[in-house]
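Got a predicted model here, sequence first, then my questions.
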Amino acid sequence: MHNVHFSYDKDAFLVSRICPDDRGTMNTKQPIYAVTGATGNVGGTVARTLLAGGNRVRVVVRTPEKAEAWTARGCDAALADIADAAALSEAFANAAGVFVMIPPDFDPAPGFPLIHEKAAALRTALLTAQPGKVVLLTTIGAQVGRPNLLHSSQIVEETLGDLPMPLAFLRAGWFMENFAWDVAAAKTGAVPSYLQPLDHPIAMVATADIGETAATLLRETWTGLRIVELEGPQRYSANDVATGFAAALGHPVKMDPIPRVEWEARFRAQGIRHPEPRISMLDGFNEDWIEFQRSGTEHRLGTRNLNDVLLRLVGL
């Protein structure tokens with residue numbers, strides 16, 4: 001890994017596809033940043049943060065309908081699927097930097113074939129487009145050798161790791177927003193938990209912190225490969241989640257640990273055909289073998305706390 005220096009990116013890039021600035025004029029020399037996943041929590045935050053900083057943004061979306069809200073805000077828009085190398089390369093053309101993420105496969109077939117396909121397409125697109133830099137969202141534990149659901153991030157990192165342009169792997173902790181799935185249960189007062197023991201803290205982070213960090217990285221200057229690890233201001237346990245839900249809802253909430261022997265049957269009942277990677281991932285968090293690499297990386301802390309995120313989720 002090479003960390004030569006870091007500074008705010010003030011270089012000007014000529015862009016071929018541009019959109020009006022706030023005054024309705026055209027500025028062809030201001031750098032433009034391409035952002036995938038802009039309709040989601042993380043990518044949306046990346047795009048909004050760049051816009052708020054006065055930067056030009058090209059969102060990469062799959063349908064014209066998904067582009068409308070962004071073009072109304074003055075963004076350029078490109079239509080591309082993450083598995084379409086030709087469309088992606090056009091979307092990334094002339095970009096000062098690109099933020100990329102591959103949507104997770106929550107039920108991967110053995111060998112993660114869909115992830116391999118999408119990673120190969122992304123690699124081809126980036127080699128063709130040659131953007132100024134790349135920030136790739138991956139995950140805590142991407143370096144772990146033991147098979148688990150997060151192995152998909154390792155596949156993508158290995159596929160893109162030798163790209164010739166400056167590259168940053170942004171490895172994020174457990175998304176706090178994952179607990180949106182538990183809001184309905186929390187309202188009943190009891191939340192089933194696969195995170196165990198209930199008082200065991202793990203690295204979590206808010207998606208807003210991930211997006212803001214990615215936007216910051218896009219405007220920095222470096223050479224080679226960086227690995228940036230990101231978690232929240234402190235670590236949280238399942239019991240902390242219960243406490244946060246209780247504060248947000250105004251009534252007691254407890255976590256009910258689900259016996260591990262029941263996990264496979266529960267996941268299959270939910271329609272999961274290949275539950276083994278998910279079970280292994282949960283084991284990794286519970287047993288601490290899914291962790292940050294630390295050595296040879298940068299470690300950063302977000303500012304959002306779990307209680308504030310849960311309060312927002314309850315209010316949605």
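Structure's in. What do you need? Residues are numbered from 1 along each chain as shown.

mind listing the strands for the chain?
32-36, 56-61, 76-79, 97-100, 134-139, 167-172, 174-175, 190-193, 204-205, 225-231, 254-257, 298-301 (DSSP state E).

Give me whichever of those is most buried.
strand 32-36 (a mean of 29; mean count of other C-beta atoms under 10 Å). For every residue, glycine as well, the C-beta is placed using N, CA and C.

Need the CA coordinates for that strand. CSV is fine.
The C-alpha atoms that make up strand 32-36 are tabulated as CSV, following Å, rounded to 0.1, in the frame of the first residue of the first chain:
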residue,chain,number,x,y,z
ILE,A,32,-17.1,15.7,-12.2
TYR,A,33,-17.5,12.6,-9.9
ALA,A,34,-19.5,9.5,-10.9
VAL,A,35,-21.5,7.9,-8.2
THR,A,36,-23.1,4.4,-8.3
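
Parallel or antiparallel, which strands does that strand pair with?
Next to strand 32-36 in the sheet, as set by DSSP bridges, lie strand 56-61 (parallel), strand 97-100 (parallel).

Could you list the low-pLDDT ranges of this protein?
1-29 (pLDDT under 70).

Could you pull out the helices in it for me?
41-52, 64-72, 85-92, 113-129, 151-160, 183-188, 207-218, 238-249, 263-269, 276-287, 306-315 (DSSP state H).

which parts of the last one are buried?
So the one you mean is helix 306-315. For helix 306-315, burial by neighbour count (16 or more other C-beta atoms under 10 Å) applies to 306-307, 309-310, 312-314.

still on that earlier bit, tell me which of the strands paired with strand 32-36 sits nearest to Val42.
strand 97-100 (8.6 Å; C-beta to C-beta).

Contacts for that closest one next, please.
9, 31, 33-37, 43, 46, 92, 122, 126, 129, 131-137, 214-215, 218-219 (C-beta atoms under 8 Å, 6 or more residues apart in numbering).

at 7 Å instead, please
Identification of contacts with strand 97-100 by C-beta atoms under 7 Å, 6 or more residues apart in numbering yields 33-36, 43, 46, 92, 122, 131-136, 214, 218.

go on, stretch 303-316?
Contacts of stretch 303-316 (C-beta under 7 Å, 6+ apart): 176-177, 179-180, 183, 204, 206, 208-209, 232-233, 236, 240-241, 244-245, 247-249.
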